[in-house]
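J.: just to be clear, the model below is a prediction. Sequence and coordinates:
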Amino acid sequence: MEREEIQLLIISSSIVLFTLLTTVFILFYYFQKKKSEFLLDKIESELIFQSELVKSKIEIKEQTLTNVSRELHDNIGQILSVALMEMNMMLEQKDNFSRCQLVETKQLISKSLNEIRILAKLINGDVTIDSNFIDAVSDDLERIQKFKNIECSLELEGEVVSLNNEHETIIYRILQESISNILKHSQSEVIDLKIKFINQICTIEISDKGRGFSVDSCKKGSGLLNMKTRAKLIGANLSIASSPQGSKITIQYPIPAENQCKDE
């Protein structure tokens, strides 16, 4: 009888041990699978982010070259054409041209040189982007106000915090695309940009006083969708509001703890 009890005990213990080992193996397999999925998701997210970052840098350079080409044709080209006409007139007059005509031609050439310097700074804008998106977009607004005769304003609130360089590049690309949309579609004579650093959040608002658009009809538009996708990649939230009195794009970017510590 005791022998049977011992055998039963051994069998029971074996079953319990087997069950425990099986449970441990299943749990180990489950957690390993979850860990692998987490790592794969992390790698995929990083690849998507790097892809968007590279795409943003390329688009910034393409937009820069487009702006330079347009300004060379529309502004500097016209100024130099007028200067050339003045010089041709003076050549036709031989020695009868006045000092006033020379001064006027000199002013035209000086003006064109100044604008070429501004464009040269714009071409090298990607250097500025790596250090501060605020300086980069400020240069853009200054150029737009000068060349397009559009009133531009930049308002800063709170203590400016240096952000992740890659994130700044994406933020700048979003702002660049927003400004481009305003210039193309809004017919606004005003561009207002507000950047606030309050309660560990960088809030960026860019608005115009143009004709507005239907947000619902533009939800599937690639431009606005790209802006929202890029904002999401850096942990920011982008919202759009529009009416016949104007439009506003708001970006709320939570400042990472490491950035706050660096500035403290």
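T.: Good, I have the coordinates.
J.: CA atoms for contacts and neighbours, from now on please.
T.: Fine.
J.: buried stuff in the strand or helix carrying residue 180?
T.: Using DSSP states H and E, residue 180 sits in helix 165-181. For helix 165-181, the buried set under the neighbour-count rule, 16 or more other Cα atoms under 10 Å, comprises 166-179.
J.: can you pull out the helices in the stretch 51-200 of the chain?
T.: Secondary structure of the stretch 51-200 of the chain by DSSP state H, counting those that start in this stretch: the helices cover 77-93, 99-123, 125-131, 133-148, 165-181.
J.: okay if I get those as TSV plus mean pLDDT and distance to residue 44?
T.: Shown next, in TSV, are the helices of the stretch 51-200 of the chain (pLDDT from 0 to 100; distance: least, Cα to Cα, whole Å):
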stretch	mean pLDDT	distance to residue 44
helix 77-93	72	47
helix 99-123	70	33
helix 125-131	50	25
helix 133-148	84	27
helix 165-181	88	17
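J.: low-confidence ranges in the stretch 151-264 of the chain?
T.: Within the stretch 151-264 of the chain, the ranges that satisfy pLDDT under 70 run 217-222, 258-264.
J.: residue 242: neighbour count?
T.: 18 (other Cα atoms under 10 Å).
J.: which residue packs closest to it, ignoring adjacent ones?
T.: Distance criterion Cα to Cα, 6 or more residues apart in numbering; nearest residue to residue 242, sequence neighbours excluded, is residue 212 at 5.4 Å.
J.: how would you label that neighbour: helix, strand or coil?
T.: Following DSSP: H, G, I helix; E, B strand; the rest coil, we place residue 212 in the coil state.
J.: would you check how far apart it and residue 27 are?
T.: 56 Å (Cα to Cα, to the nearest Å).
J.: chain center to the helix or strand residue 10 falls within: distance?
T.: Assigned by DSSP H and E, residue 10 belongs to helix 2-71. Between the centre of helix 2-71 and the centre of its host chain there is 31 Å, according to Cα atoms, centre = their mean, to the nearest Å.
J.: check stretch 166-177 too.
T.: Remark: stretch 166-177 is offset 1 Å from the chain centroid, using Cα atoms, centre = their mean.
J.: got it, and stretch 103-118?
T.: Taking mean C-alpha positions (Cα atoms, centre = their mean), stretch 103-118 and its chain are 32 Å apart.
J.: got a list of contacts for it?
T.: Outside stretch 103-118, the residues that touch it by Cα atoms under 8 Å, 6 or more residues apart in numbering are 76, 79-80, 82-83, 86-87, 143.
J.: cool, and stretch 188-200?
T.: 149-161, 179, 182, 202-211, 246, 254-256, 260.
J.: of those residues, grab the buried ones for ChimeraX.
T.: In ChimeraX, this line selects whichever of the contacts of stretch 188-200 come out buried by 16+ other Cα under 10 Å:
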select :150,152,161,179,182,202,203,204,205,206,207,208,209,210,211,246,254,255
